[in-house]
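**Student:** Below is the sequence, then the predicted model.
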Amino acid sequence: MDSATKRLVEELHSLARSIDRPVSVMEVCGTHTVSIFRHGLRSLMPEGVRLVSGPGCPVCVTAQRHIDAAVQLGGFEDVIIATYGDMMRVPGRLGSLEACRGKGGDVRIIASARSALKLAQKHPDKRIVFVAVGFETTAPATAAVVLEAGRTGLDNFFVLTTHKLIVPAMLALLDDEDVRLDGFLCPGHVSVVIGSDAYRPVVERHRMPCVVAGFEPKGILDSLVALLRQIDGKAARLENRYEAVVTPSGNPVARQLMDEAFSVADTPWRAMGVIPQSGLELRSEFRRFDALTRFGIQLREDEDHPGCRCGDVIRGKVTPAECTLFGASCTPLNPLGPCMVSSEGTCSAWFKYKPPAHSKRS
Amino acid sequence: MCLAVPGQIVELDGNTAVVDLQGNRIEVCTIMTPDVRPEDWVLVHAGFSISQLDEQAARETWSYLDQMFGEEGNEGPDDAEDTDNGRNTTTGEAPRG
């Protein structure tokens, strides 16, 4: 451990002693979760400081009904499904997109929203359905291709829109009386788009300390120190500790693209139910690109696997170790819940990195 | 995935750039960063540049990306041949979130 890291860890321990009560801090973003595990930061935490993984893994929070819709759409003979890779193995009631491909469905993994559009241009005899998942980091890319499809008059390009907004989810968590948190480590790259000021409602309505953090281990430790300092001083402020990349107002051009293509709508989250005004739907002038409407797909209420506690894991109510399926019937090779599928899922990270014993809450 | 990856613009034609991600060159749409010029550093996500950043921040980011993902390997995208992607080249996984 270098001297700077050592100093940060010593300060965390000193602050924890001064606070003198258990403290729960949620890292909202899945990439933070992975970085925290990968660099062993949990093992550096003082005894009373609990790091809770939040709902910021897009795959994990995608509602089962949307997975089902994607698989159903993949069953149409003239359809090519274009999806980001980590959606492939998420199980729904009709199986996964990977299984759909195994049965002959044309499912293509893409890494750019523009590739979905290019597929539509390249295959005029096919209908391309882009499975659009992700938070505000990703939604502007979807918006850009929808606007481009509108301008170029494409009639074989459709979007299954499941985009979600992070701040409404954080506010919904705080409204849940079973969720006890003392501060948020706010996402880094979502904040590039929405700006650090976007978290002001969390700070102001709930007096909840918020610190925007980078992903590098020292940056995360530095942000945790900033959070504990606020908690120790009984303060609730917004701090941006990722100033090299995140500005207070974010990227206005990206948000303008989102505003042009989407309106804010209620949307279902995996195992969290419908959160008001937490998602994006295509504006009426772009509704012709909406896959659900154009293919007449009806969404059904989610029915989670019996025993699966992904919903409670996503909300930080339990750790994966408290789920009876974890590591037994639910493993990365045979995932039953979405948190075990994505490499950023909390269960997957727990399985892979095996956190220290004291972070397994009793 | 809440992850974007830094790269340097090596060519720019209108809103289309060729961006070097540690030796891997990909095509990136720059409409969200309209002021960029060749040699600028940008954060790339899902085939789009979402912000500019300075070289030092970019290099620090690569340093931790290599630590985080350097030893891992996942299934790559089917669109890799288009060189039109913003994937995390070290994992093959789409940077999202």
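**Tutor:** Arrived safely, thanks for sending.
**Student:** What strands flank the host helix or strand of residue A:82, and is each parallel or antiparallel?
**Tutor:** Element membership of residue A:82 [criterion: DSSP states H and E] is strand A:79-84. Taking DSSP bridges as the criterion, strand A:79-84 forms sheet pairs with strand A:106-110 (parallel), strand A:127-132 (parallel).
**Student:** what's the offset of that strand from the middle of its chain?
**Tutor:** In this view, strand A:79-84 has its centroid 20 Å away from the chain centroid, taken as Cα atoms, centre = their mean, to the nearest Å.
**Student:** C-terminal to it, what's the next element?
**Tutor:** helix A:97-102.
**Student:** From the contact counts, what lies against that next one?
**Tutor:** Applying 3 or more Cβ pairs under 8 Å, 6 or more residues apart in numbering or on different chains; DSSP states H and E, one finds that helix A:97-102 contacts helix A:64-74, strand A:79-84, strand A:106-110. Every C-beta, even on glycine, is put in place using the N, C-alpha and C of the backbone.
**Student:** returning to that earlier point: out of the strands paired with strand A:79-84, which one sits most buried?
**Tutor:** strand A:127-132 (a mean of 27; mean count of other Cβ atoms under 10 Å in any protein chain shown).
**Student:** So for it, mean pLDDT?
**Tutor:** In this model, strand A:127-132 has a mean pLDDT of 98.
**Student:** list the contacts for residue A:340?
**Tutor:** A:310, A:326, A:330-332, A:347-348, A:351 (Cβ atoms under 8 Å, 6 or more residues apart in numbering or on different chains).
**Student:** Secondary structure element holding it?
**Tutor:** Applying DSSP H and E, one finds residue A:340 within helix A:338-341.
**Student:** residue of chain B with the smallest distance to chain A?
**Tutor:** residue B:47 (2.6 Å; Cβ to the nearest Cβ).
**Student:** Excluding residues flanking it in the chain, which one is nearest that residue?
**Tutor:** Spatial nearest neighbour of residue B:47, excluding adjacent residues (Cβ to Cβ, 6 or more residues apart in numbering or on different chains): residue A:112 at 2.6 Å.
**Student:** what about the one you found, neighbour count?
**Tutor:** 31 (other Cβ atoms under 10 Å in any protein chain shown).
**Student:** Surely it is in contact with residue B:44?
**Tutor:** No: using Cβ atoms under 8 Å, residue A:112 makes no contact with residue B:44, being 9.4 Å away.
**Student:** Where does the prediction get shaky in the stretch 101-250 of chain A?
**Tutor:** Within the stretch 101-250 of chain A, no range satisfies pLDDT under 70.
**Student:** would you list every one of the strands in the stretch 251-362 of chain A?
**Tutor:** Taking DSSP state E, counting those that start in this stretch to define them, one finds strands in the stretch 251-362 of chain A at A:262-269, A:273-282.
**Student:** so can I have a markdown table of those showing distance to chain B and mean neighbour count?
**Tutor:** Converted to a markdown table, the strands of the stretch 251-362 of chain A look like this (distance: least, Cβ to the nearest Cβ, whole Å; neighbours: other Cβ atoms under 10 Å in any protein chain shown):
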| stretch | distance to chain B | mean neighbour count |
| --- | --- | --- |
| strand A:262-269 | 14 | 18 |
| strand A:273-282 | 14 | 18 |
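**Student:** wait, which of those is closest to residue A:295?
**Tutor:** Of all the strands of the stretch 251-362 of chain A, it is strand A:273-282 that lies closest to residue A:295, at 14.1 Å by Cβ to Cβ.
**Student:** what comes into contact with the closest one?
**Tutor:** Under Cβ under 8 Å, 6+ apart, the answer for strand A:273-282 is A:139, A:146, A:159, A:161-165, A:168-169, A:172, A:258, A:261-269, A:289-290.
**Student:** what about that strand, average pLDDT?
**Tutor:** Strand A:273-282 comes out at a mean pLDDT of 96.
**Student:** coming back round to it: quick check: the residue of chain B closest to chain A touching residue A:118?
**Tutor:** No: checked against Cβ under 8 Å, the pair residue B:47 and residue A:118 is beyond contact range at 10.1 Å.
**Student:** The residue in the stretch 151-300 of chain A positioned nearest to chain B: what secondary structure?
**Tutor:** Ranked by Cβ to the nearest Cβ, the top residue of the stretch 151-300 of chain A for proximity to chain B is residue A:244, at 3.9 Å. Counting by DSSP: H, G, I helix; E, B strand; the rest coil, the backbone at residue A:244 sits in coil.
**Student:** quick one: residue A:56 from residue B:19, how far?
**Tutor:** From residue A:56 across to residue B:19, the span is 26 Å (Cβ to Cβ, to the nearest Å).
**Student:** more neighbours, those two?
**Tutor:** Just comparing residue A:56 and residue B:19: by other Cβ under 10 Å the higher neighbour count belongs to residue A:56, 29 against 26.
**Student:** And residue B:47 and residue A:118? Which one has more around it.
**Tutor:** residue B:47 (29 against 18).
**Student:** Need the per-residue pLDDT for the more buried one.
**Tutor:** 93.
**Student:** what's the answer for residue B:77, then?
**Tutor:** Residue B:77 is given a pLDDT of 70.
**Student:** tally of neighbours for the nearest residue to it once chain neighbours are set aside?
**Tutor:** Counting by Cβ to Cβ, 6+ apart, residue B:77 lies nearest to residue A:111, which is 4.1 Å off, once chain neighbours are set aside. By other Cβ under 10 Å, 29 other residues sit near residue A:111.
**Student:** need the contact list for residue A:302.
**Tutor:** A:63-65, A:268, A:270-271.
**Student:** Would you mind putting the CA coordinates of the strand holding residue A:82 into CSV?
**Tutor:** The C-alpha coordinates for strand A:79-84 follow below in CSV (Å, rounded to 0.1, in the frame of the first residue of the first chain):
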residue,chain,number,x,y,z
VAL,A,79,-36.2,-9.7,-36.8
ILE,A,80,-32.6,-9.1,-35.9
ILE,A,81,-32.1,-8.3,-32.2
ALA,A,82,-29.2,-5.9,-31.5
THR,A,83,-28.1,-5.9,-27.9
TYR,A,84,-25.2,-5.0,-25.6
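**Student:** Fine by me, thanks again.
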